[in-house]
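**Student:** Have a look at this fold, sequence not included:
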């Protein structure tokens, strides 16, 4: 059984760090690196991809709104053509820095409010995913469950790896519960562990309303800015290994539908 464990990293700015990236990079198999819009800067990006390369961790671009003050979690009304150009801009920035240290960007994901909006709106997901394909048709799109993103990727010939957000609540529609609602972000280690074990054992998640929802996943995501991120990463990795699984970079896992690939 193989499943990816990934985290959002490189989210500091200048002298202000965000989370313990080095500790997380020693626990995860894939890294989603902020590309300078919602967080990150050129030096942080370069150092993050270099460390990921040293540890054999897959490198991915984490693309968001130009919203440092709001950490990319505030919805912004930007024309779709401009947003698509911003996607390519961020992909190109991280790809250039990765190549400069002999590494490659293998996957991408949409961050925060941009990701939530695209996941719920096919009219927005389409042009954004097309922008990804125009930049590099071999990039893997990593996304929480979303018919909009999955449909757009299929039309563009891109593969999608579904990721389960271990520290975020889900609605009955499979979309994430908005962060402003109580219980949307999970801070309790036991709850995270219970959710991961259920996913590994049965391929499902209990939604915020208490319903059981099928959740075929190739990957498990933890947020690097969560104060419990390193503890959660250790807990989740141990749960995967105790279940007989192997934590594996997402590009090596993807091979078909299912909670974990063999």
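**Tutor:** Arrived safely. All figures in this text were calculated on a predicted structure; none of them were measured in a lab.
**Student:** mind listing the helices for the stretch 151-262 of the chain?
**Tutor:** Secondary structure of the stretch 151-262 of the chain (DSSP state H, counting those that start in this stretch): helices located at 189-202, 229-242, 250-253.
**Student:** Kindly apply the preceding question to the stretch 1-150 of the chain instead.
**Tutor:** Ranges of helices in the stretch 1-150 of the chain, per DSSP H, counting those that start in this stretch, are 21-25, 42-55, 80-100, 112-120, 122-135, 147-156.
**Student:** and these, which is most packed in?
**Tutor:** Mean neighbours per residue, mean count of other CB atoms under 10 Å, is largest over the helices of the stretch 1-150 of the chain for helix 112-120, with a mean of 22. (Glycine included, C-beta is placed from N, CA and C.)
**Student:** So what's the gap between that one and the chain middle?
**Tutor:** 12 Å (CA atoms, centre = their mean, to the nearest Å).
**Student:** between it and helix 122-135, how big is the angle?
**Tutor:** Orientation of helix 112-120 against helix 122-135 (axes from the mean of the first three to the mean of the last three CA atoms, to 10 degrees) gives an angle of 110 degrees.
**Student:** Could you list every helix and strand in contact with helix 112-120?
**Tutor:** Secondary-structure packing of helix 112-120 (3 or more CB pairs under 8 Å, 6 or more residues apart in numbering; DSSP states H and E): strand 107-110, helix 122-135, helix 147-156.
**Student:** Quick one: closest of the ones you listed to residue 91.
**Tutor:** Comparing these by their distance to residue 91 (CB to CB), the top pick is helix 122-135, with 4.9 Å.
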